[in-house]
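J.: Need coordinates for the following:
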Amino acid sequence: MLKRIQLMLADSAWFIPFLYGFGGVVLTFLTQYFGGFFREILPEVLYLEKDSAATVLSSSFTSLMTMMTFSFSTILVVLTTYSSQFSPRTVNNFLTNAAAKHTLGLFILTTVYGITNLFLIRTADDDAVLASGVSVLLVVGSIWAFVKFIQTISVSIQAERLLSALHREALSVIKSQQDALEKDEVQIVPKRPVHPFEGHAVYAPRTGYVQLFASEKQESDSYHFESVVAVGDFVAKGDLLGYWSEEVDADIEPFQIGEVRSSIQDPAFAIEKLSEIALKGISPGINDPNTAIHAIHYIGDILRELSRMPEGDFLFSNRSSDWHVKRKSLETTMFEAFAPIKTYASHDIFVIGSVFEAIRIARLEAHPSSFEAYEGILGYFEDVIDWDDLQERERAFLENKLMQAKKVKTA
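T.: Numbering: from 1, shown residues only. Next comes the predicted model:
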């Protein structure tokens, strides 16, 4: 349940602004019905007569609407930039940006507070009311938030900042998996070529991406589970997800399936977004190979952290039952990230060289079980590169990068 709530909050752009809007209603209630109780404590300057207060509320509401209009226009421009210059998959990274959500939330709080007080101020019993004073403070806060929002926008559209954010996103997911391994909440076991049982089949109730595995539902149950899909896979309605060892309650859904892919339990998704940004960078329309090289280096560092864990699948056990969950292999993750780059950047030796450099970085702390995957991806590139078509100096450059990737000393 906690993972599902985390997924909802992480992918939601409306929840925090909604809380701010609700806070505006609560604040209206407090100032309307309890403003008189604080008159002896608060400065007298915060209290105005009804007519003057209505004028202040109206003016502050008008100025706030101007800022909101400009902010929404800016957001549309940024979303277009994210979609066209980086990748459509990165749009959600901006929509769920904390600074953007809190700024919009403060605008909504101030707007709701102003409108509701304009409606209720005529019914106030006191000659002087607190509503206008609080509204002025909220507008001042909104102006500060607006300036901060502009600064956040100017930073977020920089490619380096987005790449760094995706890098941190992937590392945080991997760190949570490593912590779970250290606490014995989960184990990594060798992949099974054959399923040990085929009991009651579990089918996908809807079409979409496997967003997360609900391991908390295991609790003290005694029935086993064997999955045939991994988090991040796309499934159609009716696709096989796995098997229960015995018949279980139909309400128990081991996987959360949604319309959009999530990186909460899927670091490969962040790698895929970095790969797409690299592909955008080497496209003729963008023509920014340095951004592509930067993204590829970040992929290498994510793979370095990911390959510290042994290869295999996740096993959740409570001593009475085992839930075996398929995990995307390192070989598959690297192939899906690097093969498209090879396809579209085969004639750019610096981009291909950065791929070899990323593999070298990834192998620095690799677990022995991942050696075969690295040798496989290097062998793939060695086979598909047209060495004869390269000029002597270009060939020497790539061969040097390839040898460095092969000879790296692991920790």
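
J.: just for the stretch 301-411 of the chain, where's the confidence low?
T.: Low-confidence segments of the stretch 301-411 of the chain (pLDDT under 70): 408-411.

J.: Which stretches in the protein count as strands?
T.: Using DSSP state E, the strands of the chain run over 48-49, 128-129, 187-189, 200-203, 208-213, 225-230, 234-235, 240-244, 255-258, 313-317, 322-326.

J.: Can you add distance to residue 276 and mean neighbour count and give those strands back as JSON lines?
T.: Every C-beta, even on glycine, is put in place using the N, C-alpha and C of the backbone. Shown next, in JSON lines, are the strands of the chain (distance: least, CB to CB, whole Å; neighbours: other CB atoms under 10 Å):
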{"stretch": "strand 48-49", "distance to residue 276": "55", "mean neighbour count": "17"}
{"stretch": "strand 128-129", "distance to residue 276": "54", "mean neighbour count": "22"}
{"stretch": "strand 187-189", "distance to residue 276": "28", "mean neighbour count": "16"}
{"stretch": "strand 200-203", "distance to residue 276": "31", "mean neighbour count": "15"}
{"stretch": "strand 208-213", "distance to residue 276": "16", "mean neighbour count": "22"}
{"stretch": "strand 225-230", "distance to residue 276": "20", "mean neighbour count": "21"}
{"stretch": "strand 234-235", "distance to residue 276": "16", "mean neighbour count": "16"}
{"stretch": "strand 240-244", "distance to residue 276": "27", "mean neighbour count": "19"}
{"stretch": "strand 255-258", "distance to residue 276": "20", "mean neighbour count": "20"}
{"stretch": "strand 313-317", "distance to residue 276": "26", "mean neighbour count": "18"}
{"stretch": "strand 322-326", "distance to residue 276": "24", "mean neighbour count": "21"}
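
J.: how about the helices of the stretch 251-400 of the chain, start to end?
T.: 267-281, 289-306, 330-344, 349-362, 371-384, 392-407 (DSSP state H, counting those that start in this stretch).

J.: Is it possible to get a markdown table of those helices that adds distance to residue 189 and mean neighbour count?
T.: Converted to a markdown table, the helices of the stretch 251-400 of the chain look like this (distance: least, CB to CB, whole Å; neighbours: other CB under 10 Å):
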| stretch | distance to residue 189 | mean neighbour count |
| --- | --- | --- |
| helix 267-281 | 19 | 24 |
| helix 289-306 | 17 | 23 |
| helix 330-344 | 15 | 19 |
| helix 349-362 | 23 | 22 |
| helix 371-384 | 17 | 15 |
| helix 392-407 | 29 | 15 |
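
J.: Let me have these in JSON lines, adding distance to residue 248 as columns.
T.: Formatted as JSON lines, the helices of the stretch 251-400 of the chain follow (distance: least, CB to CB, whole Å):
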{"stretch": "helix 267-281", "distance to residue 248": "29"}
{"stretch": "helix 289-306", "distance to residue 248": "32"}
{"stretch": "helix 330-344", "distance to residue 248": "30"}
{"stretch": "helix 349-362", "distance to residue 248": "40"}
{"stretch": "helix 371-384", "distance to residue 248": "35"}
{"stretch": "helix 392-407", "distance to residue 248": "47"}
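
J.: Looking at those, which is nearest to residue 116?
T.: Proximity to residue 116 (CB to CB) singles out helix 267-281 among the helices of the stretch 251-400 of the chain, at 41.0 Å.

J.: between the closest one and helix 289-306, how big is the angle?
T.: Comparing the axes of helix 267-281 and helix 289-306 via axes from the mean of the first three to the mean of the last three CA atoms, to 10 degrees yields an angle of 170 degrees.

J.: looking at the strands of the chain, which has the lowest confidence?
T.: Among these, strand 128-129 carries the lowest mean pLDDT, at a mean of 60.

J.: quick one: which of the helices of the stretch 251-400 of the chain is nearest residue 61?
T.: For these, the distance to residue 61 is smallest for helix 267-281, at 39.6 Å, taking CB to CB.

J.: how about the CA coordinates for that closest one, as PDB?
T.: Presented in PDB, the C-alpha positions along helix 267-281 are these (Å, rounded to 0.1, in the frame of the first residue of the first chain):
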ATOM      1  CA  PRO A 267      16.100   2.200 -12.600                       C
ATOM      2  CA  ALA A 268      16.200   1.000 -16.200                       C
ATOM      3  CA  PHE A 269      13.400   3.500 -17.000                       C
ATOM      4  CA  ALA A 270      15.700   6.400 -16.000                       C
ATOM      5  CA  ILE A 271      18.500   4.900 -18.100                       C
ATOM      6  CA  GLU A 272      16.000   4.700 -21.000                       C
ATOM      7  CA  LYS A 273      15.200   8.400 -20.700                       C
ATOM      8  CA  LEU A 274      18.900   9.300 -20.700                       C
ATOM      9  CA  SER A 275      19.400   7.100 -23.800                       C
ATOM     10  CA  GLU A 276      16.500   9.000 -25.500                       C
ATOM     11  CA  ILE A 277      18.100  12.300 -24.600                       C
ATOM     12  CA  ALA A 278      21.300  11.100 -26.200                       C
ATOM     13  CA  LEU A 279      19.400  10.100 -29.300                       C
ATOM     14  CA  LYS A 280      17.800  13.500 -29.500                       C
ATOM     15  CA  GLY A 281      21.300  15.100 -29.200                       C
END
